[in-house]
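Chemist: with the input below, show me the fold.
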Amino acid sequence: MATTKKADNTYAVVESGGKQYRVEEGGTLLVDRLPAAEGDKVLLRPVMFRSDDGLAPQDDLEKVKVEATVSEHLRGKKIKVFKYKPKKGYRRKAGHRSELTRLEVNEVKLLTRKPAGKTADEKADEKPARKAPAKKAADKAEAKPAEKKTAAKAESKPAAKKPAAKKPAAKKTAAKKPAAKKPAKKEDSGGS
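Modeler: Next up is the predicted model:
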């Protein structure tokens, strides 16, 4: 009697680079370039998960683990772009090749519980608190009380811009008409 193996219908839909891809365990995937070296393991964000039991509810997507390995970085086929406007003499030719990453999917499964979150130590390592340098703190301690107040005010508030002094509006004077010339008086030349 021959035994038949039941087909495994487990797959997930993942998001990478703003696009969604259907992935199965053992398959390969071509996505936009990822900032990971060849051989690195990458976790992909699941959008949907389907198993023999049916679709996983949205709440359980945090429990889905989709792990892939970066197999190579490559460039896509050259694409030519040609812009043309008839009767205008406008023609532009350009092209590009996409930067791509090939992934090999290692694992697609639904975990029994949500993965552990980061510990407090890991969170502290990620975002170190900003502290003032020791030199500035020592200078402030030595500053005189009057200087402390002015220094504190200067640090607490950004310097406000003073409004420009307004110039008084120029008075418009009425245009003066040139004075009418008076006819010159004729002088008698004394001899008639």
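Chemist: return the helix or strand in this structure with minimum mean pLDDT.
Modeler: Least confident helix or strand, the chain: helix 120-126 with a mean of 51, by mean pLDDT, DSSP states H and E.
Chemist: bridging across strands, which residues link to the nearest residue to residue 40 once chain neighbours are set aside?
Modeler: Closest residue to residue 40 apart from its sequence neighbours, by CB to CB, 6 or more residues apart in numbering: residue 70 at 5.1 Å. Just so you know, the C-beta spots here come from the backbone N, C-alpha and C atoms, and that holds for glycine as well. Taking DSSP bridges as the rule, residue 70 bridges to residue 103.
Chemist: burial count for residue 70?
Modeler: Residue 70 has 18 neighbours, counted by other CB atoms under 10 Å.
Chemist: show me what contacts it?
Modeler: Contacts for residue 70 (CB atoms under 8 Å, 6 or more residues apart in numbering) come out as 34, 36, 37, 38, 39, 40, 41, 42, 101, 102, 103.
Chemist: how close does it sit to residue 25?
Modeler: Taking CB to CB, to the nearest Å as the measure, residue 70 falls 17 Å from residue 25.
Chemist: residue 74 now?
Modeler: Residue 74 is 23 Å from residue 25, by CB to CB.
Chemist: give me the contacts around stretch 73-91.
Modeler: 33, 38, 92-102.
Chemist: enumerate every residue touching residue 28.
Modeler: By CB under 8 Å, 6+ apart, the contact set of residue 28 is 71, 102, 103, 104, 105.
Chemist: and the contacts of residue 70, which are buried?
Modeler: For the contacts of residue 70, a neighbour count by 16 or more other CB atoms under 10 Å gives the buried set as 34, 42, 101, 102, 103.
Chemist: check whether residue 8 sits in a helix, strand or coil.
Modeler: When classified by DSSP: H, G, I helix; E, B strand; the rest coil, residue 8 comes out as coil.
Chemist: which residue sits closest to it, ignoring its sequence neighbours?
Modeler: Excluding the flanking residues, the one nearest residue 8 by CB to CB, 6+ apart is residue 52, at 7.4 Å.
Chemist: count of residues packed around that neighbour?
Modeler: Counted with other CB under 10 Å, residues neighbouring residue 52 total 9.
Chemist: so where do the strands sit in this structure?
Modeler: All strands of the chain, identified by DSSP state E, fall at 11-16, 19-23, 28-32, 41-43, 45-51, 54-55, 64-75, 79-85, 90-96, 99-110.
Chemist: using a markdown table, lay out those together with distance to residue 183 and mean pLDDT.
Modeler: Formatted as a markdown table, the strands of the chain follow (distance: least, CB to CB, whole Å; pLDDT from 0 to 100):
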| stretch | distance to residue 183 | mean pLDDT |
| --- | --- | --- |
| strand 11-16 | 99 | 94 |
| strand 19-23 | 97 | 95 |
| strand 28-32 | 95 | 95 |
| strand 41-43 | 105 | 94 |
| strand 45-51 | 101 | 92 |
| strand 54-55 | 112 | 87 |
| strand 64-75 | 97 | 95 |
| strand 79-85 | 75 | 97 |
| strand 90-96 | 74 | 97 |
| strand 99-110 | 94 | 94 |
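Chemist: thanks again, I'm all set now.
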